[in-house]
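Q: Turn this into a model:
(one chain, ligands or ions: 1)
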Amino acid sequence: MLVIIEKLLDGDEVNVFRKRLVPADWIDGAQTAGTRSVAVKQNLQLDRSDPVARELGNTILRKLGNNPLFVSASLAETIWPPVFNLYQDGGHYGTHVDAALMRHPEENFSIRSDLSATLFLSAPEDYDGGELLIEEAYGAQPVKLEAGDLVLYPSTSLHQVTPVTSGQRICAIMWMQSAIADTQARTMLFELDQSIQSLSRDRNTDDPDIDRLIHVYHNLLRRWANP
Ligand code: NI
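A: Just a heads-up that it's a prediction; the model follows:
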């Protein structure tokens, strides 16, 4: 399941990000690819120690933590610091699957990647190509969002970024470990939570049926959450 979170960053915030990112110190993205990925990866990215990457990455993490749709859909426990990348001049990233286990060398923590996310920072009309193609059970879904919007998708999926044939595509990508490893279980919890939220709008705050549904939601979460 793909979940799109619109306007994680508003227009002013996107402008601030772009002003900082366009002149930043971009390096060859192949340096951080695994041995199989290096053959298919052609882009630029910011080093994780880059102060611009750290500061803007922390802003994104704060925004995610305060976004109810993101919290409900991801049930994220640990989020890998956002990685900024730039595609231009035919840059692309061929079909690949993200690494399942990732260890952060400097900060000494590891995650199992359950969910991947891409935050679009360039306006879609500013570049050609550069679609994120995510393979799902029902075929490949092309994703190209407005600047400031984020897509969340299962890390188990094969995906690619098609060549950027003109302009520049800047994005931030991140991975997260969820309290619920299983995609299907996480999707059901998300749908249940969204329905509870939607039903609650028309009910009193002490509605016993809503209370019972919330009770079921939390007990399923307790049952399925990783130990
Ligand atoms: Ni990927």
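Q: Could you state which residue of this structure sits nearest its centroid?
A: The centre of the chain sits closest to residue 117, judged by CA atoms, centre = their mean, with a distance of 1.3 Å.
Q: And the helix or strand containing that one, what's buried?
A: Element membership of residue 117 [criterion: DSSP states H and E] is strand 115-120. Within strand 115-120, the residues that count as buried by 16 or more other CB atoms under 10 Å are 115, 116, 117, 118, 119, 120. No exception for glycine: its C-beta is placed from N, CA and C like everyone else's.
Q: Render the CA-only coordinates of the strand or helix carrying residue 171 in CSV, please.
A: In the assignment (DSSP H and E), residue 171 maps to strand 169-178. Output in CSV follows, covering the C-alpha atoms of strand 169-178 (Å, rounded to 0.1, in the frame of the first residue of the first chain):
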residue,chain,number,x,y,z
ARG,A,169,14.9,16.5,-9.2
ILE,A,170,15.8,16.9,-5.5
CYS,A,171,14.3,14.6,-3.0
ALA,A,172,14.8,13.4,0.6
ILE,A,173,14.6,9.7,1.2
MET,A,174,14.3,7.8,4.5
TRP,A,175,13.7,4.4,5.9
MET,A,176,12.0,3.3,9.1
GLN,A,177,11.5,0.4,11.4
SER,A,178,7.8,0.1,12.3
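Q: Between strand 115-120 and it, find me the angle.
A: 160 degrees (axes from the mean of the first three to the mean of the last three CA atoms, to 10 degrees).
Q: Residues contacting the next helix-or-strand element following strand 169-178 from elsewhere in the structure, which ones?
A: Of the helices and strands lying after strand 169-178 in sequence (DSSP H and E), the nearest is helix 183-200. With CB atoms under 8 Å, 6 or more residues apart in numbering as the test, helix 183-200 has contacts from 1, 3, 72-75, 114, 154, 156, 178, 180, 207, 210, 213-214, 216-217, 220-221, 224.
Q: what sits up against the helix-or-strand element of the chain with minimal mean pLDDT?
A: Each helix and strand of the chain was given a mean pLDDT (mean pLDDT, DSSP states H and E); the minimum falls on strand 41-42 at a mean of 82. Contact with strand 41-42 is made by 29, 30, 33, 87, 90, 91, 92, 93, 94, 96, as judged by CB under 8 Å, 6+ apart.
Q: quick one: the helices in this protein?
A: 11-21, 51-65, 68-74, 183-200, 208-224 (DSSP state H).
Q: Show me the one of the ones you listed that comes nearest residue 82.
A: When the helices of the chain are compared by CB to CB, helix 51-65 sits nearest residue 82, at 4.1 Å.
Q: Using PDB, write out the CA atom coordinates for that closest one.
A: The C-alpha coordinates for helix 51-65 follow below in PDB (Å, rounded to 0.1, in the frame of the first residue of the first chain):
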ATOM      1  CA  PRO A  51      25.600  20.200   8.100                       C
ATOM      2  CA  VAL A  52      22.900  21.200   5.600                       C
ATOM      3  CA  ALA A  53      21.700  17.600   5.400                       C
ATOM      4  CA  ARG A  54      21.700  17.200   9.200                       C
ATOM      5  CA  GLU A  55      19.800  20.400   9.800                       C
ATOM      6  CA  LEU A  56      17.200  19.900   7.100                       C
ATOM      7  CA  GLY A  57      17.000  16.200   8.000                       C
ATOM      8  CA  ASN A  58      16.100  17.100  11.600                       C
ATOM      9  CA  THR A  59      13.400  19.500  10.400                       C
ATOM     10  CA  ILE A  60      11.900  16.600   8.300                       C
ATOM     11  CA  LEU A  61      12.000  14.200  11.300                       C
ATOM     12  CA  ARG A  62      10.200  16.800  13.500                       C
ATOM     13  CA  LYS A  63       7.500  17.300  10.900                       C
ATOM     14  CA  LEU A  64       7.000  13.500  10.500                       C
ATOM     15  CA  GLY A  65       6.600  13.100  14.300                       C
END
